[in-house]
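fold the following, please.
(chains A and B)
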Amino acid sequence: MSTNVQKFPSQFPIPVDPRFPAHSGSPGGKVGPVSVGRPVLDVAPEISKVGLNEICLSYRTQSGERLLALDHINLQVRTGEFVCIVGPSGCGKSTLLMLIAGLHQQTSGQILIDGKPVQEPGTDRIMIFQEHGLFPWLTVGQNVEFGMKMKGIAKAEREEKTRYYLRLVHLAKFKDSYIHQLSGGMRQRVAIARALATEPDVLLMDEPFAALDAQTRDLLHDELERIWNETGRTIIFVTHNVREAIRLGDRVVLMTFRPGRVKSEFPVELPRPRHLEDPAVACAAGEILVQLREEINRSLEAEYNEGVKPHVDPGVQS
Amino acid sequence: MKRAARFIIFYAALFGLWTLLAELKIWPPYLFPTPWGVGEALYAGFQDHTYWIAIRVSMERVLIGYAISVVLGMILGLGVASNKFLEETMGGLLVSLQSLPSICWWPLALLWFGLNQNAILFVVVMGSLLSVTLAMEDGRKQMPKIFSQAGRNLGAKGFNLFWYVLLPASLPFIVSGLKQGWAFAWRSLITAEMLYLSLGLGQVLMMGRDLNDMSAVIAVMILIIAIGYVVDGVVFKGMERHLQNKWGLTPAT
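Alright, predicted model coming up:
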């Protein structure tokens, strides 16, 4: 299946070649001549911050058959870009993040960070998990410090940075609390601070706000956007919530149900800050939802026909 | 309050029953000592330093043996949990070995190490190693996967990953296994000490037997129980409480 790029009738610009994706907002990209009212094509492809080239992942199920989880994924993410990946459960979008993080090995294909292949986990790419993955045996401050400690950064500097990043997520007062004393939203903010404290270039966020209530999520959207603005990190954000993707992303990538492929890409050109309730956001989401629904139906069908659980996690082994 | 009352009533009744049976003189006093006979034996034992020395010697041995078990057991358990080959081969062996009373190693230990402290330590290690190993293996498997992923993601690997992530993450799951390991170590030690002139509590107990002094035997038994109880109640309960506070777990009731 080839990747096609969606066109939005009114507020969305013309289709873009996904290999040379749209440059939105951040300056520095060479502007191609083709664009209607906005820059579209880079004449020469710059080196992507994150490059996924022909990524395939297959694994053996318990019954012994080989299952293709990811099928020739191609995706280029520019420095400072906020890319959201949406897709039905079981499309392998979380697994994709694990591959980028180096916590898993793809079967074939190449993952490049600044043009260099990923071999193992590195603190240049930090993952934020849905279940935050904070360490309950450490205080908030120690959690934030953890990555720096592993890097061997001196104590004074660690403490200073911990203070800085806790202030950034408005949790300075909770430095000495334990994780279980915090609310869900606060925990997710600690996770963000912990990720940022290792000063990664790329943040990999795996449905980080899915388990939160709506108000907390709205608040964290604002905060994440602000932090993204202030720190200029590249963010790859996985979600099953299309509106959330539009709310946050420069670009939304839709994946198909098993095997996971890139079905379409949608550049989001709405002015920031956006809100989940904006009619424009809803309208843009509508387009994507139509396609997402096809995939969800496929996943339900597969579940019905094969009795297979649609969500298969190949990461159980580690 | 109620709990304390029940506690007092129960032990008063037990004590009363003991006194009564001893007073009735159904059995001769050298077979069934009186409570105050035991009390006197305890007093005398501490007075002439026999018990102090015995406790020190035994505690030293059990601490060394237990420490070896914990270190070895954690390495072994972690290995078995994270390596499929080891799990399939050694996993079953470990479980079946656990049914072997550690004192069965005594003859071998004597031949290998000679009639000395090392033979005793060997028996203690064999007694508690398996509990710790199985607990660690289980703990590593029960431990949420996300902790090791997050740890590796944040740059922890090798020893750092084990020491700062895997070990603390699995502690709540292995603390009961560590406790069991301690109990086995303590029992194995006393058994081994009973078989060999060794200065420890086990030997003092056997000395009571040789002198036909059942008061002394029971006095040492009380000491052995008391030490086991104190370690369990202070060290392990404290550890559990500490973990519960940190992790926000509710105590299992």
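
which residues does B:Y30 contact?
Going by CB atoms under 8 Å, 6 or more residues apart in numbering or on different chains, B:Y30 touches B:N212, B:D213, B:M214. (C-beta placed from N, C-alpha, C; glycine too.)

and B:K157, how many neighbours does it have?
Residues contacting B:K157 under the criterion other CB atoms under 10 Å in any protein chain shown number 13.

what about whatever residue of the stretch 101-250 of chain B ends up closest to chain A, how many neighbours?
In the stretch 101-250 of chain B, no residue comes nearer to chain A than B:G248, which is 2.5 Å away by CB to the nearest CB. Number of residues near B:G248 (other CB under 10 Å) recorded here: 13.

again, but for B:L195
When counting by other CB under 10 Å, one arrives at 17 neighbours for B:L195.

tell me which element the closest residue to it other than its chain neighbours falls in.
Distances taken as CB to CB, 6 or more residues apart in numbering or on different chains place B:W106 nearest to B:L195, at 6.3 Å, with adjacent residues excluded. Per DSSP states H and E: B:W106 is located in helix B:106-113.

where does the stretch 151-253 of chain B dip in pLDDT?
Across the stretch 151-253 of chain B, the ranges flagged by pLDDT under 70 are B:250-253.

residues from it in reach of chain A?
Applying CB under 8 Å from any CB of the partner chain, we find that the stretch 151-253 of chain B lies next to chain A at B:151-157, B:160, B:164-165, B:168-169, B:171, B:243, B:245-248.

related to what we said a few turns ago, residues touching the nearest residue to the residue of the stretch 101-250 of chain B closest to chain A once chain neighbours are set aside, list them.
Nearest residue to B:G248 in three dimensions, chain neighbours excluded: A:H180, at 2.5 Å (CB to CB, 6+ apart). With contacts defined as CB under 8 Å, 6+ apart, the neighbours of A:H180 are A:P136, B:K246, B:W247, B:G248.

so the first one makes contact with B:Q244?
No - no contact is recorded between A:P136 and B:Q244 when judged using CB atoms under 8 Å, the distance being 10.7 Å.

just the closest residue of the stretch 101-250 of chain A to chain B, please.
Counting by CB to the nearest CB, the stretch 101-250 of chain A gets nearest chain B through A:H180, at 2.5 Å.

that residue: what secondary structure?
Assigned with DSSP: H, G, I helix; E, B strand; the rest coil, A:H180 falls in the helix class.

picking that back up, neighbours around the residue nearest to B:L195, how many?
Residues near B:W106, counting by other CB under 10 Å: 20.

what's the pLDDT at it?
Note on B:W106: pLDDT of 88.

from the chain's centroid, how far away is the very next helix or strand once past the helix holding B:W106?
Going down the chain from helix B:106-113, the next helix or strand is helix B:117-142, by DSSP H and E. With CA atoms, centre = their mean, to the nearest Å as the basis, helix B:117-142 stands 11 Å off its chain's centre.

where does B:N212 land in three-state SS?
B:N212 ends up coil, using three-state DSSP.

what's the closest non-adjacent residue to it?
B:Y30 (5.7 Å).

checking my notes, that neighbour in a helix, right?
No - counting by three-state DSSP, B:Y30 is not found in a helix; it is coil.

that older thread, need the buried ones from the contacts of A:H180 selected in PyMOL.
Remark: buried members of the contacts of A:H180, expressed as a PyMOL selection using 16 or more other CB atoms under 10 Å in any protein chain shown:
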select buried, (chain A and resi 136) or (chain B and resi 246+247)
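
now, the contacts of A:H180 that are in strands?
Using DSSP state E, no member of the contacts of A:H180 falls within strands.

pick the one among the contacts of A:H180 closest to B:P144.
A:P136 (9.8 Å; CB to CB).

so what pLDDT did the closest one get?
At A:P136, pLDDT is 89.

for chain A, what lies in contact range of chain B?
Within chain A, the positions lying close to chain B (CB under 8 Å from any CB) are A:98, A:101, A:103, A:121-123, A:125-127, A:129, A:131, A:133-138, A:146-147, A:149-151, A:178-181, A:194, A:198, A:315-316, A:318.

taking those one by one, which sit in strands?
With DSSP E as the criterion, strands contain A:R125, A:I126, A:M127 from among these.

count of residues packed around the first one?
Just to be clear, that refers to A:R125. Residues within reach of A:R125, counting by other CB under 10 Å, total 26.

hmm, it is touching A:I113, no?
Yes - counting by CB under 8 Å, A:I113 is a contact partner of A:R125 at 6.7 Å.

which residues are common contacts for those two?
In contact with both A:R125 and A:I113: A:V50, A:D201, A:V202, using CB under 8 Å, 6+ apart.

pick out the residue nearest the middle of chain A.
A:F237 (1.9 Å; CA atoms, centre = their mean).

can you confirm that residue is in a strand?
Yes - read with three-state DSSP, A:F237 is one of the residues of a strand.

so it bridges to which residues?
A:C84, A:M205 (DSSP bridges).

per-residue pLDDT, it?
We have a pLDDT of 91 for A:F237.

any quick PyMOL command for the buried ones out of the residues of the stretch 151-253 of chain B next to chain A?
Here is the PyMOL command that selects only those of those that count as buried (16+ other CB under 10 Å):
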select buried, chain B and resi 151+152+153+154+155+156+164+165+168+169+171+243+246+247
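
which of the residues of the stretch 151-253 of chain B next to chain A fall in strands?
Per DSSP E, these never map to strands.

tell me the SS of the residue nearest to B:Q117 when sequence neighbours are not counted?
Once flanking residues are discounted, B:Q117 sits nearest to B:R61: 6.9 Å by CB to CB, 6+ apart. Look at B:R61: counting by three-state DSSP, its state is helix.

in PyMOL, select just the buried ones from the residues of chain A next to chain B.
Here is the PyMOL selection string for the buried members of the residues of chain A next to chain B, based on 16+ other CB under 10 Å:
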select buried, chain A and resi 98+101+103+121+122+123+125+126+127+129+131+133+134+135+136+137+138+146+147+149+150+178+179+194+198
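
backbone dihedrals for the closest residue to A:T256 other than its chain neighbours, both of them.
Among residues not flanking A:T256 along the chain, A:K263 sits closest, at 4.6 Å (CB to CB, 6+ apart). A:K263 adopts backbone torsions of phi -80, psi -50, taken as degrees, to the nearest 10.

how much space between A:K263 and B:L201?
Using CB to CB, to the nearest Å, we find A:K263 at a distance of 73 Å from B:L201.
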